[in-house]
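S.K.: got a sequence here, can you model it:
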Amino acid sequence: MRLPDRSLRRRTFASLVCALALFAAAACGSTQTTPTPTGSGLTSVAPPETASPSNAASGSAGSASPSVSGSPTPGASPTPGATPTQGATPTQGAATPLPSVKVALTKIVGGLGSPIGVASSGDSRLFVIVQTGKIVIVDGGAVKGTFLDISANISCCSERGLIGLAFHPQYASNGRFFVRYTDKTGDVRISEFRVSSDPNKADATSEKSLLTISHRLHPNHNGGTIAFGPDGYLYIGTGDGGGIGDPNGNGQKLSVLLGKMLRIDVDHTSGGLNYAIPADNPFVGQSGKRAEIWSYGLRNPYGFSFDRATGDLWIADVGQNLWEEVDRATAADGLGRGANYGWNVIEGGHCYSPAAGCDTTGKVMPLAEYNHGSGDSTGCSIIGGFVYRGSAHPELVGRYFFGDYCSGRIWDLAAAGPSSQTVQYLYASGLSITGWGQGADGELYVVATDGGLYQLT
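M.R.: Modelled structure (predicted):
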């Protein structure tokens, strides 16, 4: 594998990383990454019917956009027309408002193979996403069996595989859940499944494909998380399509679904689609722009989550060569509606293309960032992350926790802090972290390449 912009020593290190698993490519600058969905602990409502015309949001760039006839439940949806706020470039020496805390990871179970994320259906069970195509149930500190096995349907591995899981907000009554995987062609697919009569077994024959995104040019930057927002809509983070430096410029193109945050209505259909477009999506009705797009300018938003207390959206976007970033889109400011996070013009808060003198007008700067350090010693691939809202560790409440695949380090940020923060280093896990998850009780979990599931304590 050719690793750009690295010395021989860093190439050797990166090659070893690439051999480990999923996130190798992100560590290599031109390659891969993938993280975890949010649990169902959000106060969420099913969205109302969202109308759209006959050919709304079809695969073509110039397809007609849905009509603006539906609207999400009042009080739950981001404010239509809200303008994203451009924050200041994070200052690495800025003071943090957070008092220091001590954290650790306590192992729950091992032997999970290649876990990359954890989801919750709203009860005591944890559903571990295994990249090779399985969803495994862990409950009471033990593995309780396989919930779903679609390994025969996917392409794996590197950054491909089964990479996302989200339970419907009304899962307890409707049994619907959604997965994200790369199919045999390499395309990214979002599908709906249903639980069987056995609550610990999904009906593997119930698959309904909702959305397929072409992703055959490069195997990396497939994104990861899918999650329901507080408005009841399904959010999907998509990578830029792979390659070095976003060679096709997808991050800034509004005619394609790559390099974006998408937002769709899975409770209604329209225009021949197996989903509908929320009427207040920012590019509805605009020629040549995909109506599914919620925000753009992202490289590989492998891990994103919603703060279950505030509804704020947290995005961990994997960097190219030097900078890993965290973006926060608050519910009060429109949840990032129409926001441009800048890739591939900027990487973190710094010019990337061009390397100097880039135009940052209208681009949202990250809340925080960290650099790779010498030989990727600080990290090379950010893995987000949730705001802690549990009760077991009151001192952790209101902190956003995230980690890094290469270094295994864990940091935090103030969930209610200013728009420019410095990451606070907390813990060296010694693990290659591949994903996070949140239980129904608000406790946080980490999975790693050693096949282990850990709880943040």
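S.K.: what number of residues are in the vicinity of residue 244?
M.R.: When counting by other Cβ atoms under 10 Å, one arrives at 17 neighbours for residue 244. C-beta: built from backbone N, CA, C; applies to glycine.
S.K.: is it true that it lies in a strand?
M.R.: No. Going by DSSP: H, G, I helix; E, B strand; the rest coil, the assignment for residue 244 is coil, not a strand.
S.K.: just give me the neighbour total for the closest residue to residue 161 other than its chain neighbours.
M.R.: Computed as Cβ to Cβ, 6 or more residues apart in numbering, the closest residue to residue 161 that is not its neighbour in sequence is residue 131, at 3.8 Å. Neighbourhood size, residue 131 [other Cβ under 10 Å]: 26.
S.K.: residue 131 contacts residue 150, doesn't it?
M.R.: No. Proximity of residue 131 to residue 150 does not meet the contact threshold set by Cβ atoms under 8 Å, at 11.8 Å.
S.K.: got a pLDDT number for residue 332?
M.R.: Here the pLDDT value assigned to residue 332 is 95.
S.K.: and it, how far from residue 312?
M.R.: Between residue 332 and residue 312 the distance is 8 Å, computed by Cβ to Cβ, to the nearest Å.
S.K.: same question for residue 325.
M.R.: Distance, residue 325 to residue 312, by Cβ to Cβ: 16 Å.
S.K.: between the two, point out the one with more neighbours.
M.R.: residue 325 (28 against 22).
S.K.: burial measure for the nearest residue to that one once chain neighbours are set aside, as a count.
M.R.: Using Cβ to Cβ, 6+ apart and skipping the chain neighbours, the partner closest in space to residue 325 is residue 366 (3.9 Å). Close neighbours of residue 366, defined as other Cβ under 10 Å, add up to 28.
S.K.: over to the one 5 residues further on?
M.R.: Residues contacting residue 371 under the criterion other Cβ under 10 Å number 18.
S.K.: how far away is the closest residue to residue 323 other than its chain neighbours from residue 140?
M.R.: Across the structure, with Cβ to Cβ, 6+ apart as the measure, the residue nearest residue 323 apart from its sequence neighbours is residue 348 (3.0 Å). When distances are taken as Cβ to Cβ, residue 348 and residue 140 turn out to be 41 Å apart.
S.K.: okay, the two: which has more neighbours?
M.R.: Set side by side, residue 348 and residue 140 show unequal neighbour counts under other Cβ under 10 Å, the larger going to residue 348 at 24 against 8.
S.K.: contacting residues for that one?
M.R.: For residue 348, the contacting residues are 90, 319, 322-325, 366, 369, 371, taking Cβ atoms under 8 Å, 6 or more residues apart in numbering as the criterion.
S.K.: report the distance from stretch 420-436 to the chain centre.
M.R.: Taking the mean C-alpha point of stretch 420-436 and that of its whole chain, the gap between them comes to 16 Å (Cα atoms, centre = their mean, to the nearest Å).
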